[in-house]
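Trainee: sequence plus the predicted model coming up.
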Amino acid sequence: MISFSQENDIIVKESKYRKFDVNEIRRDFPILERKVNGKPLVYFDNAATTQKPNVVIDSMTHYYRYENANIHRGLHFLSEVATEQYENSRLKVKEFINAMSASEIILTKGTTDGINLLANTMCRADLLNEGDEIIISHMEHHANIVPWQLLCDRKKTKLVVIPIDDNGELMMDEYKKLISPRTKLVSIVHTSNTLGTVNPIKEIIEIAHKNNIPVIVDGAQAVGHQKIDVQELDCDYFVFSGHKLFGPTGIGVLYGKAELLNKLPPYQGGGDMIRTVTFEKTTYEDIPNKFEAGTPNIVGGIGLGVAIKYLNMFNFQDISRHENELLQYATEKMILIDGLRIIGTAKNKASVISFTIDGIHPYDLGTIIDTDGVALRTGHHCTQPLMKRFNVPATARASFSFYNTIDEIDVFINALNKAIKMFR
Ligand code: PMP
């Protein structure tokens, strides 16, 4: 039997950086070998969730088969093993995003959970009050809109929105103008899941910090595609989801600067987050435990740690170069298609292409090209204000990951042309 930690050591020891060979990488992801509707799967819905490599899948079944126990609670062998695996994952996350300390890594359910944690605790700490303003942008995912609206309802705080131009780029001059003594928080997406726009996040943070305003970064679409260094960015909080990083669902990360997290009250109450409990008074654990009430998603945490180890074998420059090639190639082919409109044409763009085709509803398009095995996303992508901004009810979206290929884009383009012929 290969033990879990031995298994991981094997991966890490292989080499610091693996040679970037997309065909070899694809063999790590078993689902990419399957067929859909009799055709080889072309998975272009990576912005929704990424596929999982064997090592992540195996680590999770291995844990349930041989190591399952609750963490932080027992002195018995299995509990200690499980605790060590889980806490090692926290350390992996810390190194991965270069946080100062592992205590700054709160393991959450995902991006949405992280933002809700912040909105709830900031509300209870009275950090945002009547007349205060929170700046977000027009390209936010609902996960970075609705939690703040819930807070605004309670506190009479105002949500202020940075506009975007027709290319889907933030209007930075407008951002500067929106900052005022009333601004108490900026919460902004790093990379748009709908437009692909990669925002000038460092500059956004610098501007906010010049005015002593803390910044939350929604990094859900950034983490799997570029190196994130939270100290270099100097963001105050950074949130992301494990499942968009080749890890499992139901696990995510909230990074926060220790001094700020220490000032926030607990989020949920229960086991694991307390130091002492009496009926008169309860005292709380330090961070990160203060924010992690109850039995966490142990296997999810372990899977996330392995996903990060897997990703660490690659150089992010290789990943970006490959994804950029896919983006360029697909864009060049797509703009030749009559009636196809790409929504989101920012200069700095991730490998996400949202589009519409005259005369075909995105839902019909998605359904038709699914028959060719091509998985696209169709709908509003949890960015309804953005749909309104571009005056479309929905878009189709192709989003690429580092395991996708030029050949798959050819299949996708052929499937698009076939679908168009059916309608015209
Ligand atoms: N923000 C962005 C930019 C996203 O793309 C997503 C997921 N589509 C989320 C937040 C929410 O992530 P989750 O559903 O994993 O909590």
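Mentor: That came in fine, so what should we check first?

Trainee: how much space between the residue nearest the centre of the chain and Ser399?
Mentor: Central residue of the chain (Cα atoms, centre = their mean): Ala220, 1.8 Å from the mean position. Going from Ala220 to Ser399 by Cβ to Cβ, to the nearest Å gives 12 Å. C-betas here are computed from N, CA, C, even on glycine.

Trainee: sorry, back to before: wait, the residue nearest to the centre of the chain touches Asn193, no?
Mentor: Yes - using Cβ atoms under 8 Å, Ala220 is in contact with Asn193, at 6.9 Å.

Trainee: joint contacts of those two?
Mentor: Taking Cβ atoms under 8 Å, 6 or more residues apart in numbering as the criterion, Ala220 and Asn193 both touch His141.

Trainee: find the closest residue to the ligand in the stretch 301-424 of the chain.
Mentor: Relative to the ligand, the nearest point of the stretch 301-424 of the chain is Cys382 (5.8 Å; Cβ to the nearest ligand atom).

Trainee: quick one on the thing from earlier: common neighbours of Ala220 and Ser399, please.
Mentor: Contacts common to Ala220 and Ser399, judged by Cβ under 8 Å, 6+ apart, are Asn193.

Trainee: so Ser354 bridges to which residues?
Mentor: Ile343, Arg397 (DSSP bridges).

Trainee: I'd say it and Thr194 touch.
Mentor: Yes - with contacts defined as Cβ under 8 Å, Ser354 counts as touching Thr194 at a distance of 5.4 Å.

Trainee: next, show the common contact partners of these two.
Mentor: Shared contacts of Ser354 and Thr194 (Cβ under 8 Å, 6+ apart): Ile343, Gly344, His381, Thr395, Arg397.

Trainee: contacts only, for the last one.
Mentor: For Arg397, the contact set (Cβ under 8 Å, 6+ apart) comprises Asp45, Ala47, Thr194, Val352, Ile353, Ser354, Phe355, Leu376, Arg377, Thr378, His381.

Trainee: any idea of the pLDDT on it?
Mentor: Looking at Arg397, its pLDDT stands at 98.

Trainee: same check on Leu365?
Mentor: On the pLDDT scale, Leu365 gets 95.

Trainee: run a quick neighbour tally on it.
Mentor: As a burial measure, Leu365 scores 24 neighbours (other Cβ atoms under 10 Å).

Trainee: assumed it was part of a helix.
Mentor: Yes - judged by DSSP: H, G, I helix; E, B strand; the rest coil, Leu365 forms part of a helix.

Trainee: can you pull the contacts of it?
Mentor: Ile357, Leu376, Thr378, Ala396, Leu416, Ala419.

Trainee: so the fifth one sits in a helix?
Mentor: Yes - counting by three-state DSSP, Leu416 is found in a helix.

Trainee: what's around it, how many residues?
Mentor: Leu416 has 25 neighbours, counted by other Cβ under 10 Å.

Trainee: thinking again about what came up before, so which of the contacts of Leu365 is the closest to Ile71?
Mentor: Leu376 (39.0 Å; Cβ to Cβ).

Trainee: what is the neighbour count of that closest one?
Mentor: 25.

Trainee: how near is it to His141?
Mentor: Counting by Cβ to Cβ, the gap from Leu376 to His141 is 18 Å.

Trainee: repeat for Asp370
Mentor: Taken as Cβ to Cβ, the span from Asp370 to His141 is 24 Å.

Trainee: who has more neighbours out of these two?
Mentor: His141 (21 against 17).

Trainee: ok, the more buried one - contacts?
Mentor: Counting by Cβ under 8 Å, 6+ apart, His141 has contacts Thr111, Val189, Asn193, Asp218, Ala220, His381, Cys382, Thr383.

Trainee: residues near the closest residue to Glu325 other than its chain neighbours, how many?
Mentor: Leaving out its chain neighbours, the residue that sits closest to Glu325 by Cβ to Cβ, 6 or more residues apart in numbering is Ile406, at 7.4 Å. Ile406: 13 surrounding residues under other Cβ under 10 Å.

Trainee: for Ile406, give me its contacts.
Mentor: Each residue near Ile406 by Cβ under 8 Å, 6+ apart is listed here: Glu325, Leu326, Tyr329.

Trainee: top of those residues by neighbour count?
Mentor: Leu326 (22 neighbours).

Trainee: for the closest residue to that one other than its chain neighbours, what are its contacts?
Mentor: Among residues not flanking Leu326 along the chain, Phe400 sits closest, at 4.5 Å (Cβ to Cβ, 6+ apart). Counting by Cβ under 8 Å, 6+ apart, Phe400 touches Phe44, Asn46, Glu323, Leu326, Leu327, Ala330, Ser351, Val352.

Trainee: run the last query once more with 10 Å
Mentor: The contact partners of Phe400, by Cβ atoms under 10 Å, 6 or more residues apart in numbering, come to 43-47, 225, 322-327, 329-330, 350-353, 408-409, 412.

Trainee: one more: Pro181?
Mentor: Shown in contact with Pro181 (Cβ under 10 Å, 6+ apart): Asp132, Glu133, Asn211, Asn212.

Trainee: out of those residues, which are inside strands?
Mentor: Glu133 (DSSP state E).

Trainee: drop anything exposed from the contacts of Pro181.
Mentor: With burial judged by 16 or more other Cβ atoms under 10 Å, the buried subset of these is Asp132, Glu133.

Trainee: for the contacts of Pro181, which one is nearest the ligand?
Mentor: Nearest to the ligand among those, with distances taken as Cβ to the nearest ligand atom, is Glu133, at 21.3 Å.

Trainee: you'd agree that closest one is up against Thr157?
Mentor: Yes - in this structure, Glu133 is within contact of Thr157 by Cβ atoms under 10 Å, at 6.9 Å.

Trainee: scan the shared contacts of Ser354 and Thr194 and report the most crowded one.
Mentor: Tallying neighbours with other Cβ under 10 Å puts Thr395 at the head of the shared contacts of Ser354 and Thr194, with 28 neighbours.
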